[in-house]
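>>> give me a model of this one.
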Amino acid sequence: MSVGIVGLGYVGLPLAVSFAEAGEQVIGIEVNARRVAQLRCGESYIEDVPSEKLQAIADRFQATTRISALAKVDAIVVCVPTPLTPNREPDLSPLVDACQAIASVLQPGQLVVLESTTYPGTTRERALPILEESGLTAGEDFLLAFSPERVDPGRTDHTLRTTPKIVAGHTETCGNAAEALYGLICDQLVRVSAPEVAEMAKLLENIFRSVNIALINEMAELADRMGIDIWEVIDAASTKPYGFMRFEPGPGMGGHCLPVDPFYLSWKAREHDFSTEFIELAGKVNQHAPYLAVEKVERRLNELGKPVKGTRIGILGVAYKAGVGDIRESPALKIIQRLGALGAEIAYHDPFVASLPQFGLEGGALPDVLEFAEVVVIVTAHPDIDHSAIAERHQVVDLRGVTRSRRAVARPVQRPSLKSVQAA
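The predicted structure follows:
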């Protein structure tokens with residue numbers, strides 16, 4: 001089976017590599033000509049895809065900007081971004097553009113699968129009519145399905161192969177074809193009855209996390225005012241073996257899913273005269289988190305008798321999560337923007353992010369940033385950095401709880417007698 005991948009980013013490129021490693025011929029479509037040039041040289045721009053992997057599949061993977069190359073493949077998988085507009089409404093223009101391009105070359109018998117996260121109804125209400133402009137009918141002349149991506153950049157314990165893959169077809173035959181496609185690279189498939197179920201399942205996964213992150217961030221703010229160590233609280237609650245799932249507070253959410261997906265469902269809900277108040281409240285709490293982080297920095301400076309203006313502040317980690325270089329929706333960007341607006345002098349260290357041109361900043365070596373900074377702010381705790389050692393020698397605002405020393409853990413009972421405890 002030959003496979004075409006439209007969009008070679010954090011979702012599409014690992015997917016293309018997986019199909020090629022499974023022995024399939026893969027054509028990757030990418031609008032960014034610079035990326036295509038890199039891929040043709042065997043150079044990866046995605047942390048999860050080492051360049052060595054690209055070089056190993058060079059005879060089975062072709063990257064191009066030409067959509068016409070898709071006319072030759074058996075299956076086409078769409079992995080384009082689905083961002084928000086400045087008004088926080090769904091922006092389906094990348095998906096619409098991709099479907100229009102595919103329609104211009106769509107062939108009878110081809111399978112088209114959408115992986116881009118979106119609101120329920122997108123596959124049938126938006127993609128299907130555009131694809132049928134080709135003159136072909138979905139479910140009869142070509143096959144159409146939805147299978148939401150479940151990529152977590154930087155993660156190694158759950159991979160594309162080992163993570164169950166949700167699959168839904170426009171028709172029964174469409175779903176069968178999608179199962180045959182993903183059966184090449186996934187160990188487990190989850191067949192659901194309709195694309196709308198799969199679309200909403202993906203949103204539920206991410207909204208579940210968004211709501212719980214908002215909850216723990218609100219709890220953290222309250223604990224801070226009460227003088228209670230929220231990390232010890234979380235450690236203690238996490239010892240319960242049932243009915244509790246650990247979430248940790250931080251400076252805010254980032255990435256390509258969590259800050260975006262709740263707004264897709266909220267927008268769609270308004271078509272049905274329904275207000276997703278709980279979801280939207282969680283979104284507001286999470287959007288406010290970076291500003292609370294700045295307040296923590298201001299409080300620490302106040303304790304030191306320093307104003308924000310003119311103080312040298314070192315930011316450790318600007319990517320949205322540890323171990324990756326993705327800065328999309330990263331809370332560090334809002335924190336840097338706000339501290340800069342208050343007059344702080346900023347330097348940052350991030351081994352995965354070389355520069356932040358929007359702020360005119362180049363990443364510095366860790367020793368240089370530590371020497372520069374009067375206060376160090378841990379925004380993203382990348383691996384292989386000894387944050388505790390830094391906290392011993394520098395003034396630190398730890399937004400990730402990585403320098404704490406007190407931890408609550410469950411331990412076997414020693415069964416001392418009450419009298420011996422009283423005597424001690």
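
>>> where do the strands sit along the protein?
2-6, 25-29, 61-64, 75-78, 111-114, 143-146, 165-169, 189-191, 312-316, 345-349, 355-356, 361-362, 375-378, 396-398 (DSSP state E).

>>> can you tell me the average pLDDT over the second one?
I take that to be strand 25-29. The average pLDDT within strand 25-29 is 98.

>>> break the chain into its domains for me.
The record's domain split for the chain, according to automatic domain parsing, is 2-193, 224-398.

>>> can I get these in CSV with distance to residue 210 and mean neighbour count?
Using the backbone N, CA and C atoms, a C-beta is placed for each residue, glycine as well. Below are the domains of the chain laid out as CSV (distance: least, Cβ to Cβ, whole Å; neighbours: other Cβ atoms under 10 Å):
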stretch, distance to residue 210, mean neighbour count
domain 2-193, 13, 19
domain 224-398, 5, 17
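
>>> out of these, nearest to residue 407?
domain 224-398 (5.3 Å; Cβ to Cβ).

>>> endpoints of that closest one, how far apart?
Distance across domain 224-398, first residue to last, is 13 Å (Cα to Cα, to the nearest Å).

>>> the strands of the chain into JSON lines, with extra columns for distance to residue 207?
Shown next, in JSON lines, are the strands of the chain (distance: least, Cβ to Cβ, whole Å):
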{"stretch": "strand 2-6", "distance to residue 207": "26"}
{"stretch": "strand 25-29", "distance to residue 207": "30"}
{"stretch": "strand 61-64", "distance to residue 207": "34"}
{"stretch": "strand 75-78", "distance to residue 207": "22"}
{"stretch": "strand 111-114", "distance to residue 207": "19"}
{"stretch": "strand 143-146", "distance to residue 207": "18"}
{"stretch": "strand 165-169", "distance to residue 207": "16"}
{"stretch": "strand 189-191", "distance to residue 207": "18"}
{"stretch": "strand 312-316", "distance to residue 207": "29"}
{"stretch": "strand 345-349", "distance to residue 207": "31"}
{"stretch": "strand 355-356", "distance to residue 207": "29"}
{"stretch": "strand 361-362", "distance to residue 207": "33"}
{"stretch": "strand 375-378", "distance to residue 207": "28"}
{"stretch": "strand 396-398", "distance to residue 207": "28"}
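
>>> before we move on, back to that, could the domains of the chain be laid out in CSV, adding distance to residue 213?
Converted to CSV, the domains of the chain look like this (distance: least, Cβ to Cβ, whole Å):
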stretch, distance to residue 213
domain 2-193, 15
domain 224-398, 6
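
>>> closest to residue 206 out of those domains?
domain 224-398 (4.3 Å).

>>> quick one: mean pLDDT for that closest one?
Taken as a whole, domain 224-398 has a mean pLDDT of 95.

>>> distance from it to the middle of the chain?
Counting by Cα atoms, centre = their mean, to the nearest Å, domain 224-398 is centred 15 Å from the centre of its parent chain.

>>> what's the answer for stretch 66-85, then?
Mean-position distance between stretch 66-85 and its chain equals 20 Å (Cα atoms, centre = their mean).

>>> same deal with stretch 141-151?
With Cα atoms, centre = their mean, you get 20 Å for stretch 141-151.

>>> quote the end-to-end distance of that stretch.
Rule used - Cα to Cα; the end-to-end distance of stretch 141-151 is 31 Å.

>>> neighbours around the nearest residue to residue 249 once chain neighbours are set aside, how many?
Ranked by Cβ to Cβ, 6 or more residues apart in numbering and with sequence neighbours excluded, the top spatial neighbour of residue 249 is residue 220, at 3.6 Å. As a burial measure, residue 220 scores 21 neighbours (other Cβ atoms under 10 Å).

>>> if we can go back for a sec, for residue 155, which of the strands of the chain is the nearest?
strand 165-169 (15.5 Å).

>>> contacts for the closest one?
143-148, 150, 175-179, 182, 186, 188-198, 201-202 (Cβ atoms under 8 Å, 6 or more residues apart in numbering).

>>> re the thing from before, so for residue 216, which of the domains of the chain sits nearest?
Comparing the domains of the chain by Cβ to Cβ, domain 224-398 comes nearest, at 4.5 Å.

>>> and stretch 136-148, average pLDDT?
For stretch 136-148, mean pLDDT rounds to 98.

>>> and the contacts of that stretch?
Around stretch 136-148, the neighbours that count as contacts under Cβ under 8 Å, 6+ apart are 106-115, 117, 122-123, 127-128, 131-132, 134, 165-171, 173-175, 177-178, 182, 195, 198-199, 201-202.

>>> from residue 270, how far out is the residue nearest to residue 349 when sequence neighbours are not counted?
The shortest distance from residue 349 to any non-neighbouring residue, by Cβ to Cβ, 6+ apart, is to residue 369 (4.3 Å). Distance, residue 369 to residue 270, by Cβ to Cβ, to the nearest Å: 45 Å.

>>> residue 411: how many residues sit nearby?
Neighbour number of residue 411 under other Cβ under 10 Å is 6.

>>> pLDDT wise, what is the closest residue to residue 31 other than its chain neighbours at?
Excluding the flanking residues, the one nearest residue 31 by Cβ to Cβ, 6+ apart is residue 65, at 6.3 Å. Looking at residue 65, its pLDDT stands at 97.

>>> for residue 191, see how far away residue 65 is.
In this view, residue 65 and residue 191 are 34 Å apart by Cβ to Cβ.

>>> before we move on, what about residue 387?
Following Cβ to Cβ, the distance that separates residue 387 from residue 191 is 44 Å.

>>> residue 262 too?
Taking Cβ to Cβ as the measure, residue 262 falls 26 Å from residue 191.

>>> for stretch 109-116, which outside residues touch it?
Residues from elsewhere that reach stretch 109-116, judged by Cβ under 8 Å, 6+ apart: 7, 11, 15, 73-82, 94-95, 102, 106, 122-123, 127, 131, 141-149, 174, 177-178, 181.

>>> now do stretch 79-88
For stretch 79-88, using Cβ under 8 Å, 6+ apart, the contacting residues are 5-9, 11-12, 15, 90-92, 94-95, 97-98, 115-118, 149, 256, 260, 263-264.

>>> could I have it exported to CSV, CA atoms only?
Extracted in CSV, the C-alpha atoms of stretch 79-88 (Å, rounded to 0.1, in the frame of the first residue of the first chain):
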residue,chain,number,x,y,z
CYS,A,79,-2.3,16.0,9.3
VAL,A,80,-2.6,19.8,9.0
PRO,A,81,-2.9,22.3,11.9
THR,A,82,-6.3,23.4,13.2
PRO,A,83,-5.6,26.6,15.1
LEU,A,84,-7.8,29.4,16.5
THR,A,85,-8.5,32.8,15.0
PRO,A,86,-7.5,35.9,17.0
ASN,A,87,-11.1,35.8,18.4
ARG,A,88,-10.5,32.2,19.7
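
>>> with that, I have no additional questions.
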